[in-house]
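*Asks:* kindly return the folded structure for what I paste below:
(one chain, ligands or ions: 2)
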Amino acid sequence: MKKLQIKPETGLHGTLSIPGDKSISHRGIMFGAISQGTTVLHHFLTAEDCLSTLQAFRSLGVPIERNGETVTIQGVGLNGLEKPTEALNMGNSGTTTRLIMGLLAGQQFTTQLTGDASLSKRPMRRVSDPLASMGAKVQVTDGHLPATIIGQHLHATDYHLKVASAQVKSALILAAIQADKSSILVEKLPTRNHTEIMLNAFGADIETAIDDVTITIHPRPELHGIEMTVPGDMSSAAFFLAAASLVPDSQVKLLNVGMNETRTGLLSILKRMGGNVKLSNQHIDCEPTADLTVTSAELKAVEVGADEIPDVIDELPLVALLAAKANGISKITGAGELRVKETDRIAAIVTEFSKLGIAITELPDGFIIDGTKPWQVKDPHLSSHGDHRIGMVMAIAALLISQPLTLDGADSINISYPEFFDDLNRMVPQAKEVD
Ligand SMILES: O=C(O)C1=C[C@@H](OP(=O)(O)O)[C@@H](O)[C@H](O)C1
Ligand SMILES: C=C(OP(=O)(O)O)C(=O)O
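*Replies:* Ligands and ions are numbered 1, 2, ... in the order given. Now for the predicted structure:
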């Protein structure tokens with residue numbers, strides 16, 4: 001149980017270098033592994049999820065060295081992976097699991113995948129079913145991990161995705177590059193496109209049509225290693241974008257944050273709410289980045305619907321927090337995918353916000369939040385529900401409360417942002433450090 005930093009007296013101040021993007025760090029390892037030659041990733045995210053990916057690819061016979069945040073991968077090519085001697089442990093990481101299923105479905109050996117208790121509850125047929133249409137044999141256990149992937153020669157597909165999911169799309173792309181002919185995927189809504197951008201930087205031939213949802217994948221590319229700097233993770237920057245917006249008298253600068261437009265939904269929503277975020281130092285190194293300066297603001301209520309959800313999927317618990325202090329009634333809908341993340345994030349937010357007396361109503365696919373009602377702590381013992389993002393959201397909520405609060409399961413934060421509490425303490429230097 002961890003004591004939380006409570007209401008600071010003079011706002012949050014300072015400059016932060018945001019840790020590397022989780023989605024891009026995973027992909028950097030995977031695509032480096034299946035390329036020819038050396039890949040060097042700078043500012044790699046050294047959090048538990050990405051270390052699960054790193055370890056899995058070492059077990060697949062890929063030489064990978066890590067020196068702090070610099071990772072060097074000696075690529076073995078698309079045909080050079082080796083059968084691992086034991087089951088690959090995916091830890092807590094949905095991204096590792098789903099992408100690796102697509103890749104290993106086309107390899108000529110059998111692999112087993114296992115995961116922790118949370119990951120073992122998450123749906124996997126969304127990947128194994130479409131892969132089956134390409135001739136893959138991915139056997140799941142009642143739709144979940146553990147899974148057995150029996151590598152096959154894959155054939156091309158023309159497939160309309162049933163869920164708006166970058167993980168499912170990426171799994172199918174990784175299968176499609178190993179298929180006999182070109183494949184076409186059609187997304188329900190555009191989702192994060194790091195796989196397309198990065199694989200093309202490694203030498204693949206993937207075209208996205210003007211509609212942003214039709215993707216053509218040409219098979220058997222000659223992939224070559226690259227050197228890249230992983231941008232700061234928008235999903236981690238988001239905690240400080242929300243904190244500095246909400247805590248009066250704050251101004252913080254966040255350096256080198258990834259600005260891929262499939263990831264910046266929070267910035268659009270914050271803008272509609274009256275938030276104050278300024279961009280500077282914009283540049284592109286494979287992916288676009290910028291420095292963000294955020295200042296506290298009076299917020300207005302907001303409506304967020306299905307079309308906007310993929311661009312803000314991991315930041316929705318923070319949108320709920322912003323709404324809980326905004327002037328008016330906010331509504332978030334079309335976000336049913338939150339129920340199949342590390343925990344049911346809709347239920348977890350409703351439970352934890354209710355402990356703080358926040359006026360929140362649960363919907364099947366979202367929430368209604370009345371930000372005009374004052375908060376009133378009913379239970380000071382908060383929980384992360386074993387989910388890194390829920391833990392960090394509740395730590396930010398505590399900055400708006402004057403009485404001591406505790407957080408159960410704070411260790412889960414190591415999944416995506418091990419330095420989170422150090423960074424938070426640095427933004428509130430006058431306050432007593434929270435250990
Ligand atoms: O592709 C990725 O790197 C991710 C895609 C999203 O999941 P879904 O594809 O399940 O929506 C997101 O929630 C996850 O944190 C990372
Ligand atoms: C959903 C997440 O990750 P994953 O699906 O990779 O476990 C997340 O980081 O919020």
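
*Asks:* so who does the closest residue to Val294 other than its chain neighbours touch?
*Replies:* Excluding the flanking residues, the one nearest Val294 by Cβ to Cβ, 6 or more residues apart in numbering is Ala244, at 4.4 Å. Backbone N, C-alpha and C define where each C-beta goes, glycine included. In this structure, Ala244 makes contact with Gly11, Leu12, Ser250, Gln251, Val252, Val294, Thr295, Ser296, Met427, judged by Cβ atoms under 8 Å, 6 or more residues apart in numbering.

*Asks:* near the third one, how many other residues are there?
*Replies:* Spelled out, it's Ser250. 23 (other Cβ atoms under 10 Å).

*Asks:* with the second one instead?
*Replies:* Close neighbours of Leu12, defined as other Cβ under 10 Å, add up to 26.

*Asks:* likewise the fifth one?
*Replies:* Neighbourhood size, Val252 [other Cβ under 10 Å]: 25.

*Asks:* ok, now the first one?
*Replies:* Neighbour count for Gly11, taken as other Cβ under 10 Å: 19.

*Asks:* that one: what's it in contact with?
*Replies:* Applying Cβ under 8 Å, 6+ apart to Gly11 gives the contacts Ala244, Val247, Pro248, Asp249, Ser250, Gln251, Ser296.

*Asks:* in stretch 110-128, what counts as buried?
*Replies:* Residues of stretch 110-128 classed as buried by neighbour count (16 or more other Cβ atoms under 10 Å): 111, 113-116, 118-119, 122-124, 126-128.

*Asks:* likewise stretch 160-171?
*Replies:* Buried positions in stretch 160-171, judged by neighbour count with 16+ other Cβ under 10 Å: Leu161, Val163, Ala164, Ser165, Ala166, Gln167, Val168, Lys169, Ser170, Ala171.

*Asks:* stretch 257-274 too?
*Replies:* Buried positions in stretch 257-274, judged by neighbour count with 16+ other Cβ under 10 Å: 257-260, 262-267, 269-270, 273.

*Asks:* same thing with stretch 145-153?
*Replies:* Of the residues in stretch 145-153, those buried by neighbour count under the rule 16+ other Cβ under 10 Å are Leu145, Ala147, Ile149, Gly151, Gln152.

*Asks:* would you turn the residues you listed into JSON lines with distance to ligand 1?
*Replies:* As requested, the buried residues of stretch 145-153 are exported to JSON lines (distance: Cβ to the nearest ligand atom, whole Å):
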{"residue": "Leu145", "distance to ligand 1": "15"}
{"residue": "Ala147", "distance to ligand 1": "16"}
{"residue": "Ile149", "distance to ligand 1": "19"}
{"residue": "Gly151", "distance to ligand 1": "22"}
{"residue": "Gln152", "distance to ligand 1": "24"}
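
*Asks:* follow-up on the earlier one: show me the contacts of Ala244 that map onto strands.
*Replies:* Among the contacts of Ala244, the members falling in strands (DSSP state E) are Gln251, Val252, Val294, Thr295.

*Asks:* whichever of those residues end up buried, select them in ChimeraX.
*Replies:* Entered in ChimeraX, the line below selects the buried ones among these, by 16+ other Cβ under 10 Å:
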select :252,294
